[in-house]
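Just need the structure, nothing else, for what follows:
(chains A and B)
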Amino acid sequence: MNTILKVLKYQARDAVRSRWLIAYAFFFMLVTEGLLRFSGDPAKAQLSLISVVLFLVPLVSIVFGTVYLYNAREFIELLLAQPVNRRQMFGGVYLGLMIPLASAFVCGLGAPFVLRGIGASMDGALIVLLLAGVILTCIFTAIATLIAIRCEDRLRGLGAAIGIWMSFTVVYDGFVLFILAVFSNNSLEHVSLGLMLANPIDIARVAMLLRFDGAAMMGYTGAVFLDFFGTAQGALVTLAALVLWMFAPVMLGLRAFQRKDF
Amino acid sequence: MTQPMISMRGLSKTFGALNVLRSVNLDVRRGRVMAVVGPNGAGKTTLIKALLGLTHPDAGEIVIDGVPAGRSESYRARIGYMPQIARYPENLSGAELTTMLRDLRGPSATLDLELVGTFGLETALEKPLRVLSGGTRQKVNAVMAFLFSPDVLVLDEPTAGLDPLSSSMLKDKILASRGEGKTVLVTSHIMNELEELADDVAFLLEGRATFVGTLDELKRITGQHSLERAIAMMMRRGWIKEAA
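As a prediction, the model looks like this:
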């Protein structure tokens, strides 16, 4: 436990001073501020922010994460040569990356709302937006960690990072559309539900849109989702899927880290 | 004979089809400097990484001062490691880095900051590591290896990138540490440097420790007067043996 906190402390101190991380926070602040000014309506601004969050948070988390860890490779070796436990070292490295990224996101997006005195009053919509971003940060930094540990070649690792991000955003949507189009004769509620749960970005999207009463915009499928999410069982399944998405890459990363020959 | 400080028995490691270490037996005696030499790809780095627990050997055992390594990480508290490549988090200062290592190691009786004075690093330690030159970073690297007055020093190409003055100061420090009874394992491509430092030599060739003994012994059996000539001869002979 101690080692986790110590590694976390110094690594976070390093990451927070990174120009890229500061730029990331600043970007979210600018976009949020801009949307708030132009729409004049916090609810509308939040709705527009959904797409920005879904697009940018996974991308920055996975790319910044892999690049950072490849650069820290020799340093991690030096730390592992100290009397530290690998399991705890992994915890420190992962959290030391994830927490600064999540904080940059929360501060950047949250600041303009807080400055306007808009907090939790908005039916929790802002909270859901921030929470979704933080969960996506957890998931995609964990995937970044897994890539950086498993893949020795940094160019291939970076390629894998961008490839994974693209498959969850662009390719996956195309795949879902294809399935729905080909099997359009059958009833597809359950298939589309299953497909949604297999993609963390989709889960976040649906959860946010439902929160924003945007389900109406999603037509028939939206109604199915609303139905599903409304039930306790549906909420539970979604939560379980998210938790699985948060823990599976971390556990795989830990296992790879413990076995790795540096 | 007293128990060796470091003892490796039957150490083997393969990476895919490559046998990087083939049943290496090696003893490093207490209070001596051992040079690990051999051509590129002979397994020097893997040997050091196995000693530090960075690489998991497929077979064999490493014992540090009678305690088997690999059972717990605590044995590494006795080792100071100076890696070959000094790459650190860009936005931390050298001073933050040393506090981090102190935090990780826990309370330590004595901190050896002699090299900070020797190298005149007082101001450089306050700057972010990214603005330091390669040579200065290598000096910070050296400071951290000696910081906790460890019983064992593992130095991978310690003088790489250092100017002659700094390099000779570091060598003085290594010899002084030996004088204090510390055990040193060192690699270098500069044979003259090792000749100056080493009491013992371990020659690695294609994953085997083909010679382990004193420097004088090596010179005697090869009939050469310098370490460089002796190693060159070993490499040539080894190559002929492999070809035949």
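
The helix or strand hosting B:Val36: how far from the chain's middle?
Secondary structure assignment for B:Val36, by DSSP states H and E: strand B:33-37. Its chain's C-alpha centre and that of strand B:33-37 lie 8 Å apart, by C-alpha atoms, centre = their mean, to the nearest Å.

average pLDDT for whichever helix or strand comes after that strand?
Using DSSP H and E, the helix or strand that follows strand B:33-37 in sequence is helix B:44-51. Here helix B:44-51 scores 92 as its mean pLDDT.

rewinding a little: CA atoms only for the strand holding B:Val36, dumped as CSV, please.
What follows is strand B:33-37, C-alpha atoms only, in CSV (Å, rounded to 0.1, in the frame of the first residue of the first chain):
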residue,chain,number,x,y,z
VAL,B,33,35.3,-5.3,-7.8
MET,B,34,34.3,-7.7,-10.5
ALA,B,35,34.2,-6.7,-14.2
VAL,B,36,31.7,-8.4,-16.4
VAL,B,37,33.0,-8.4,-19.9
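
okay, the angle between it and helix B:44-51?
Between the axes of strand B:33-37 and helix B:44-51, defined by axes from the mean of the first three to the mean of the last three C-alpha atoms, to 10 degrees, the angle is 130 degrees.

Would you list the strands that strand B:33-37 pairs with, along with their directions?
strand B:183-187 (parallel), strand B:200-205 (parallel) (DSSP bridges).

Next secondary structure element downstream of the last one?
The element immediately downstream of strand B:200-205 (helix or strand, assigned by DSSP H and E) is strand B:208-214.

and that following strand, what does it pack onto?
Strand B:208-214 sits against strand B:18-28, strand B:200-205, helix B:227-243, with contacts defined as 3 or more C-beta pairs under 8 Å, 6 or more residues apart in numbering or on different chains; DSSP states H and E. The C-beta positions use only the backbone N, C-alpha and C, and glycine is treated the same way.

repeat that for 10 Å
Helices and strands touching strand B:208-214, as assessed by 3 or more C-beta pairs under 10 Å, 6 or more residues apart in numbering or on different chains; DSSP states H and E, comprise strand B:6-15, strand B:18-28, strand B:33-37, strand B:200-205, helix B:215-222, helix B:227-243.

Give me the angle between the third one and helix B:215-222.
Using the same axes, to 10 degrees, the interaxial angle of strand B:33-37 with respect to helix B:215-222 works out to 40 degrees.

What angle do strand B:18-28 and strand B:33-37 make with each other?
Using the same axes, to 10 degrees: strand B:33-37 against strand B:18-28 is 160 degrees.

likewise the fifth one?
With the same axes, to 10 degrees defining the directions, helix B:215-222 sits at 120 degrees from strand B:18-28.

tell me the angle helix B:215-222 makes with strand B:208-214.
Using the same axes, to 10 degrees: helix B:215-222 against strand B:208-214 is 120 degrees.

returning to what we had before: of all the strands paired with strand B:33-37, which lies closest to A:Leu49?
A:Leu49 lies closest to strand B:183-187 among the strands paired with strand B:33-37, at 54.4 Å (C-beta to C-beta).

If we go by neighbour counts, what in the helix or strand just after the closest one is buried?
Once strand B:183-187 ends, the next helix or strand along the chain (criterion: DSSP H and E) is helix B:191-197. Using 16 or more other C-beta atoms under 10 Å in any protein chain shown as the burial criterion, the residues of helix B:191-197 that qualify are B:191, B:193-195, B:197.

For the stretch 51-200 of chain A, what lies in contact range of chain B?
Contact residues, the stretch 51-200 of chain A versus chain B (C-beta under 10 Å from any C-beta of the partner chain): A:68, A:71-86, A:88-89, A:92, A:96.

hmm, which of the residues you listed are the buried ones?
Using 16+ other C-beta under 10 Å, the buried ones in these are A:68, A:72, A:75-86, A:88-89, A:92, A:96.

Stretch A:246-262 near chain B anywhere?
Yes - residues of stretch A:246-262 contacting chain B under C-beta under 10 Å from any C-beta: A:258-262.

In CSV: those residues, plus secondary structure and distance to A:Ala43.
As requested, the residues of stretch A:246-262 next to chain B are exported to CSV (DSSP: H, G, I helix; E, B strand; the rest coil; distance: C-beta to C-beta, whole Å):
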residue, secondary structure, distance to A:Ala43
A:Gln258, helix, 47
A:Arg259, helix, 49
A:Lys260, coil, 47
A:Asp261, coil, 53
A:Phe262, coil, 50
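
other SSEs contacting the helix or strand harbouring A:Trp245?
Here A:Trp245 sits within helix A:232-259, counting by DSSP H and E. Applying 3+ C-beta pairs under 10 Å, 6+ apart, we find helix A:232-259 packed against helix A:86-115, helix A:125-150, helix A:189-197, helix A:200-211, helix A:219-230.

what is the mean pLDDT for it?
Averaged across helix A:232-259, the pLDDT comes to 88.

same deal with stretch A:206-218?
Rounded mean pLDDT across stretch A:206-218 is 67.

So A:Leu146 is in contact with A:Gly253, correct?
Yes - if you go by C-beta atoms under 10 Å, A:Leu146 and A:Gly253 touch, sitting 4.3 Å apart.

For these two, indicate the residue with more neighbours.
A:Leu146 (26 against 23; other C-beta atoms under 10 Å in any protein chain shown).

quick one: contacts for that one?
Neighbour list for A:Leu146: A:65-66, A:69, A:94, A:160, A:164, A:248-257 [criterion: C-beta atoms under 10 Å, 6 or more residues apart in numbering or on different chains].

redo that, cut-off 8 Å
Each residue near A:Leu146 by C-beta atoms under 8 Å, 6 or more residues apart in numbering or on different chains is listed here: A:249, A:252-253, A:256.

In a strand, B:Gln84, correct?
No - the assignment for B:Gln84, made by DSSP: H, G, I helix; E, B strand; the rest coil, is coil rather than a strand.

Relative to B:Thr45, how far out is it?
Per C-beta to C-beta, to the nearest Å, B:Gln84 is found 8 Å from B:Thr45.

Any regions of the stretch 51-200 of chain A where pLDDT drops low?
Residue ranges of the stretch 51-200 of chain A with pLDDT under 70: A:118-123.

go on, chain B?
If you take pLDDT under 70 as the line, chain B has these spans: B:1, B:109, B:238-244.

Show me which residues of it are close to chain A?
Residues of chain B lying close to chain A by C-beta under 8 Å from any C-beta of the partner chain are B:13, B:15, B:49, B:52-56, B:73-77, B:79, B:81, B:83, B:85-92, B:96-97, B:100-101, B:103-105, B:128, B:144, B:154.

Just the ones of those residues in strands?
Among the residues of chain B next to chain A, the members falling in strands (DSSP state E) are B:13, B:15, B:79, B:81, B:154.

first vs last residue of stretch A:29-48, how far apart are they?
Chord length of stretch A:29-48, first to last residue, is 14 Å (C-alpha to C-alpha, to the nearest Å).
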